[in-house]
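In: My questions concern the predicted model and sequence given below.
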Amino acid sequence: MNEEMKKFKLKNGNAKNEFRNVGVKKKLQNGHLKKKFKLQNGNVKKKIQIAERKRQEEIEERRHQEEIELRKLKHEEQKRKEEFEEPKRKDEMEFELQKIRLGAEGRFSNSIANQTVNNTYIKPKSEIHHLMEKFNSDENDISLYLIMFERLAKQAEILENTWVTNSFAWLFAV
């Protein structure tokens, strides 16, 4: 029995060793698989990080392009606004200049008119009332009549400060 036990123990020991060897092999394989999985998992993580970084860069690039486009649009709008306002500004400046000129002329003509009224009355070159028709409120338009009077008064070189009195005289002349 001893021999049989020895054989059994040897067999059993060999079986145990073989079992251990199989277990070790499995552990080694599992460890290798784990390392391989870790490497693959690490590669996947790196790929995900790279993809995320690329996506962030694309988003930043789009934002940058949108900002550039927005600046261009604002610049074009400002340019159009300035182009629109430039003639308006010029017109306003011309208007102000003309007001100043007319104010200076008005003071000058008023001083001349006061001198003529005080000294003697200057007779116009041509009598305007011969050229003007009598105003008829039923047939004539007052604004057209006054425009025609203004033109004729300028041609006749009548002083502007006497236009009102002359226009009343010619307007209601009998």
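Out: Right, received. Where do you want to start?
In: low pLDDT regions in this structure?
Out: Counting by pLDDT under 70, the low-confidence segments of the chain come to 1-41, 104, 106-131, 135, 166, 168-174.
In: mind giving me the domain ranges of it?
Out: Per the TED database, the structural domains of the chain span 10-111, 123-173.
In: what about L144, neighbour count?
Out: Residues lying near L144 (other C-beta atoms under 10 Å) number 9. In short, each C-beta sits where N, CA and C put it, glycine included.
In: Would you check how far apart it and Q155 are?
Out: 17 Å (C-beta to C-beta, to the nearest Å).
In: do the same with E77
Out: Distance from E77 to Q155, by C-beta to C-beta: 50 Å.
In: Counting neighbours, go ahead and name the busier of these two.
Out: Neighbours per residue (other C-beta under 10 Å) separate E77 from Q155, with Q155 holding more: 13 against 10.
In: Report the secondary structure state of E139.
Out: Under DSSP: H, G, I helix; E, B strand; the rest coil, E139 falls in the coil class.
In: Please state the backbone phi and psi of it?
Out: phi -100, psi -30 (degrees, to the nearest 10).
In: how about stretch 146-162: buried residues?
Out: 149, 152-153, 158-159, 162 (16 or more other C-beta atoms under 10 Å).
In: Which single one of those is nearest to K134?
Out: F149 (12.2 Å; C-beta to C-beta).
In: Hmm, S167 and the closest one touching each other?
Out: Yes. Taking contacts as C-beta atoms under 8 Å, F149 lies within contact range of S167: 5.5 Å.
In: So what's the residue count around S167?
Out: Counted with other C-beta under 10 Å, S167 comes out at 19.
In: Toward the C-terminus, what is the element adjacent to the host helix or strand of V44?
Out: Using DSSP states H and E, V44 sits within helix 2-118. Once the chain leaves helix 2-118, the next helix or strand it forms, by DSSP H and E, is helix 142-155.
In: send the alpha carbons of that following helix over as CSV?
Out: Output in CSV follows, covering the C-alpha atoms of helix 142-155 (Å, rounded to 0.1, in the frame of the first residue of the first chain):
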residue,chain,number,x,y,z
ILE,A,142,-50.5,133.0,-53.6
SER,A,143,-47.3,130.9,-53.4
LEU,A,144,-46.7,131.1,-57.1
TYR,A,145,-47.6,134.8,-57.1
LEU,A,146,-45.0,135.5,-54.4
ILE,A,147,-42.3,133.4,-56.1
MET,A,148,-42.9,135.4,-59.3
PHE,A,149,-42.7,138.6,-57.3
GLU,A,150,-39.4,137.6,-55.7
ARG,A,151,-37.9,136.9,-59.1
LEU,A,152,-39.0,140.1,-60.6
ALA,A,153,-37.9,142.0,-57.5
LYS,A,154,-34.4,140.5,-57.8
GLN,A,155,-34.3,141.5,-61.5
